[in-house]
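Sequence unavailable; structure follows:
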C-alpha cells in the first residue's frame, strides 16, 4: 500500500481554529471545495465534496477534538474508495503543525502523483484560510496539470 | 521503502524546455535554489544545492534527453543519503507532463511529510519558470511550516 504525506505549519493559530476548518461545512468549503455539503463534526456523517462534475463522499471515521480527524472515502474515483484521509494536529511554538496522510493506495499510479501535488496545494490553501481568512478552494484552486 | 510522488503539467512548453531546467545550472537555480553549483548535463556530475546553511549534493545517475533525469543524493540530510530523485517527461496534448519521484525513504518520518509538501511546491515553481520565465526558488520559496 502506498501513501501520500504532507506537513504544513499554521502560524499564530490555535488547535481549535484548525480543527474547525476540518470539521465544519464552512471551514471545508473555504479551503478544499466551495461545493461542500455536510458537517464533519459527528462520527458517521457523510460529507459530499464536489469539483464540477466530479465528486468525493467522505465518511467521518475518527474525531479527537483539536487532535485528529479521519475520513474514509466511500464514493468517488475508484482508486480512492476505501482509502483513509487523516489530519493530525499538534502545537509547536507559534505554529499548529498539521500532518496529512492519504493512506491505502493500492498502486502508485499516475493519478496518485496528481493527487499528491493537489493535496499539497490544498494544504497550503488551508494554511492561508486560517492565517489570512482566505483560502483557494475549487473552483479557484491552483491548477497543476491537464487533469486540473 | 516509501516514496514521494508528484505530477505537474507545463502548458505550451516543449520537452526540450523542461529537460533544460532539469539539467542546467541556470535552469535549476530558477526553480529549486538560487544557490546551485554545477551542471546536470553529464552522468556522474555532482550538483551542489544550498539552502542557507543546509545543502544537498546530487550525483547525476541517468540522463535520457527529453525523457528522464535521475539523481542520487550523496550528501545532505541523513534521511536523503542514497535516495533517488527521478523526473520523467512526456507530451500530452498542449502539456509536458512531469512525473516526479523521490524514492527510497526508509521510514515515513515527519521530515518526509515536510519534504513531500516542499517538493510539490517546487514542482509548481518549475512549472511557473517554464511557463512565465519566473520561478520561486529558495530563498524566495513558499514557506510551508516552521521548518520552512
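Yes, it's here. Treat the numbers as computed from the prediction; the structure is a model and nothing was measured.

how about chain A, which residue sits the furthest from its center?
In chain A, counting by C-alpha atoms, centre = their mean, residue A:93 sits farthest out from the average C-alpha position, at 23.3 Å.

From chain B, how far out is it?
The gap separating residue A:93 from chain B is 6 Å, by C-beta to the nearest C-beta, to the nearest Å. Every C-beta, even on glycine, is put in place using the N, C-alpha and C of the backbone.

what's the closest non-adjacent residue to that residue?
Ranked by C-beta to C-beta, 6 or more residues apart in numbering or on different chains and with sequence neighbours excluded, the top spatial neighbour of residue A:93 is residue B:146, at 6.4 Å.

doesn't the one you found fall inside a strand?
No: counting by DSSP: H, G, I helix; E, B strand; the rest coil, residue B:146 is not part of a strand but coil.

Report how many residues lie close to it.
For residue B:146, the neighbour count with other C-beta atoms under 10 Å in any protein chain shown is 17.

for chain A, what spans make up the helices?
Secondary structure of chain A by DSSP state H: the helices cover A:15-23, A:25-31, A:110-132.

quick one: residue A:27 from residue A:85, how far?
15 Å (C-beta to C-beta, to the nearest Å).

Oh, that last question was meant for residue A:68, not what I typed.
Residue A:68 is 12 Å from residue A:85, where distance means C-beta to C-beta.

One more: residue A:95?
Separation of residue A:95 from residue A:85 (C-beta to C-beta): 22 Å.

now swap in residue A:104 and tell me
For residue A:104 relative to residue A:85 (C-beta to C-beta), the value is 9 Å.

the more surrounded of the two?
Applying other C-beta under 10 Å to residue A:104 and residue A:85 shows that residue A:85 carries more neighbours, namely 20 against 17.

check contacts around the residue nearest to residue A:93.
If you count contacts by C-beta atoms under 8 Å, 6 or more residues apart in numbering or on different chains, residue B:146 has them with A:9, A:92-95, A:97.

While we're on it, how confident is the model there?
On pLDDT, residue B:146 comes in at 97.

Near chain B, which residues of chain A? Just list them.
Counting by C-beta under 8 Å from any C-beta of the partner chain, chain A comes close to chain B at A:2-9, A:92-95, A:97, A:99-101, A:108, A:110, A:112-114, A:116-117, A:120-121, A:123-124, A:127, A:142, A:144-147.

out of these, which are buried?
Using 16 or more other C-beta atoms under 10 Å in any protein chain shown as the burial test, the residues of chain A next to chain B include A:2-9, A:95, A:97, A:99-101, A:108, A:112-114, A:116-117, A:120-121, A:123-124, A:127, A:142, A:144-147 as buried.

all strands for chain A, in order.
Shown for chain A, the strands assigned by DSSP state E span residues A:2-11, A:35-37, A:46-51, A:54-64, A:68-75, A:84-92, A:95-105.

Need the ones you listed in TSV (columns: mean pLDDT and distance to residue B:59).
Output for the strands of chain A, formatted as TSV (pLDDT from 0 to 100; distance: least, C-beta to C-beta, whole Å):
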stretch	mean pLDDT	distance to residue B:59
strand A:2-11	98	25
strand A:35-37	98	46
strand A:46-51	98	41
strand A:54-64	97	41
strand A:68-75	98	39
strand A:84-92	98	34
strand A:95-105	98	30
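
just checking, residue A:108 touches residue B:3?
Yes: in terms of C-beta atoms under 8 Å, residue A:108 counts as a neighbour of residue B:3; the distance is 6.7 Å.
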